[in-house]
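>>> prediction below, plus the sequence it came from.
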Amino acid sequence: MVANTLLAVQQQIERVPQLVSQNFKPVLYGGIIAFLFTSFLVTRLIQRKKPAPRRANSPDLEKPSSRKPTSKGPERTPGVWTPVDFKWPDPPPYPGWDVYKTDPLPYRPFKHGPYHITMGLRTMQWDDWIELDNHYLKFHADKKRRIEERGATHCRTAPEAMDGAIELLEELCDYLPQRYPTLYRKTPVGIDNIVTGECFNVTQRPLPEDPMQTCARLVQDDLAIMFEGSDGQYYLLAGAILLAGFWRLSDKFGMPLSEIHTSGDVPGFKTKLEKGMMNFFRRVQPNGPVLRNNYFLQVDDELAWSSSIGAEDGDHTQAVGWDTAEKNKAIEHHFFRSERQSLRRLPRSGGVVFTIRTYFEPVTAIAKEPGVPGRLASAVRSWGDDVSKYKGRERYQDVLLEYLDEQHRQQVERGVIGENYAEEDEGRKYPY
Ligand code: HEM
């Protein structure tokens, strides 16, 4: 009897694992599924709570360490670029754009002092690559005339840069009709200009003109493409520089980036700019375009070439410079010149495209804008000796500053701006 009972107990004990596994299997599996589902939900919620990436507008791109690792790109052998399969998203049409009515954007990229030399790069939103406005037809006519008059000295492509220049042309044929559909129409062979009636076939070979000339006709910008040499330097091998005002493509063509700047005595280049620029060029990827703005003053009204600093077609062994400019001309002859520059890497050729869009207005016009005369006067006063020399301040400062101070005084008197405008203006978003 006892033996029977013990046997029965032993049999029950042996069945325990089987019973447990039969009864608990559904519970166990259900638990695992519930756990996984909850983990998934929690992860998604955490991800959704992360703030959306902000549009960077500060110049922190100058610090290589501040860039995301993804835009750094793989290590490369200098001078060797492997084409990448990269296409930018299609841009939407520029809202309400009209070739006769859309005013130029009012870039006023100066601050109340002190002035610091920096690269001043900020992220570019892809849609904004090329800016066109109601000055387009004037710029286009100036460029057309200058291509006829000067052709190859101002628009040129080195043989080894031809693929990059064609790639730039193709990129423009893709971008412009989408961004400015009332001006451009894409065609099976290229692009038509609806307003001027020009038709460009970019598939025919040989091309009817240097591709940089065709690019120049399509935009208001001057254009340059830099290519990396086996020494890691970036060389100017393709350009359409027609409205640059102060420099000539023929003086800089084929030069590496450093020499382009040192030959022009760009202030602070060696100490404050060169290293950051080299880093930037080496690392910039097709998905990492940037912008920068600058400004100058000139004492004539010539957009294409400021003849005050010397003749455009003069002796190229003689440097052009402010020394020849007439001193203290009347304020009506003072013009504000500001460039909006973009930089991006072309995915197929690896060339780095540099666009230079010039905005050009009389000082007397921009001085009507609230706060601008006071801010510009402060900025000009804050330039150090090297910047002042580079920008020719000595030739115009007396007339310019007297005028700006008076305009500022009147703006305060009329209550257009407050007495403490400089402090109130601190939060102004660069470059406006
Ligand atoms: C990261 C990119 C670059 C930076 C930070 C930069 C910076 C500068 C600065 C600070 C100046 C003085 C005028 C101003 O304030 O703009 C200057 C002048 C100039 N830059 Fe650049 N630059 C860059 C790229 C380029 C490229 C790609 C070219 C190629 C054509 C170029 C050509 C020139 C020329 C021709 C001048 C005028 C020099 C002269 O006065 O003779 N720059 N640059």
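Right, received. Where do you want to start?
>>> show me what the helix or strand that residue 410 is a member of is packed against.
For residue 410, the element it lies in under DSSP states H and E is helix 393-413. Using 3 or more Cβ pairs under 8 Å, 6 or more residues apart in numbering; DSSP states H and E, the elements in contact with helix 393-413 are helix 363-366, helix 372-382. C-beta: built from backbone N, CA, C; applies to glycine.
>>> tell me which residue in the stretch 1-150 of the chain sits closest to the ligand.
At 3.7 Å from the ligand, residue 119 is the closest residue in the stretch 1-150 of the chain, using Cβ to the nearest ligand atom.
>>> ditto for the stretch 151-300 of the chain
Nearest to the ligand in the stretch 151-300 of the chain, going by Cβ to the nearest ligand atom, is residue 264, at a distance of 2.1 Å.
>>> run a quick neighbour tally on the residue nearest to that residue when sequence neighbours are not counted.
Closest residue in space to residue 264, ignoring its immediate chain neighbours: residue 247 at 6.5 Å, by Cβ to Cβ, 6 or more residues apart in numbering. Look at residue 247: counted by other Cβ atoms under 10 Å, it has 16 neighbours.
>>> picking up where we left off before, wasn't the residue of the stretch 151-300 of the chain closest to the ligand part of a strand?
No. Using DSSP: H, G, I helix; E, B strand; the rest coil, the assignment for residue 264 is coil, not a strand.
>>> please state the backbone phi and psi of it?
Main-chain dihedrals, residue 264, degrees, to the nearest 10: phi -100, psi 10.
>>> mean confidence score for the strand or helix carrying residue 149?
Secondary structure from DSSP H and E places residue 149 in helix 136-150. Helix 136-150 comes out with an average pLDDT of 97.
>>> anything in the helix or strand just after that helix near the ligand?
Later in the chain than helix 136-150, the nearest helix or strand by DSSP H and E is strand 155-157. No. Judged by Cβ under 6 Å from any ligand atom, strand 155-157 stays clear of the ligand, getting no closer than 12.2 Å.
>>> near the ligand, which residues of the stretch 251-400 of the chain show up?
Taking Cβ under 6 Å from any ligand atom as the criterion, the stretch 251-400 of the chain approaches the ligand at residues 252, 260-261, 264, 266, 273, 277, 280, 292, 294, 343, 354.
>>> just the helices in the stretch 101-250 of the chain please.
Remark: helices assigned in the stretch 101-250 of the chain by DSSP state H, counting those that start in this stretch are 136-150, 162-179, 211-218, 249-252.
>>> pick the most deeply packed of the ones you listed.
Between the helices of the stretch 101-250 of the chain, helix 211-218 has the highest mean count of neighbours, a mean of 25, where neighbours are mean count of other Cβ atoms under 10 Å.
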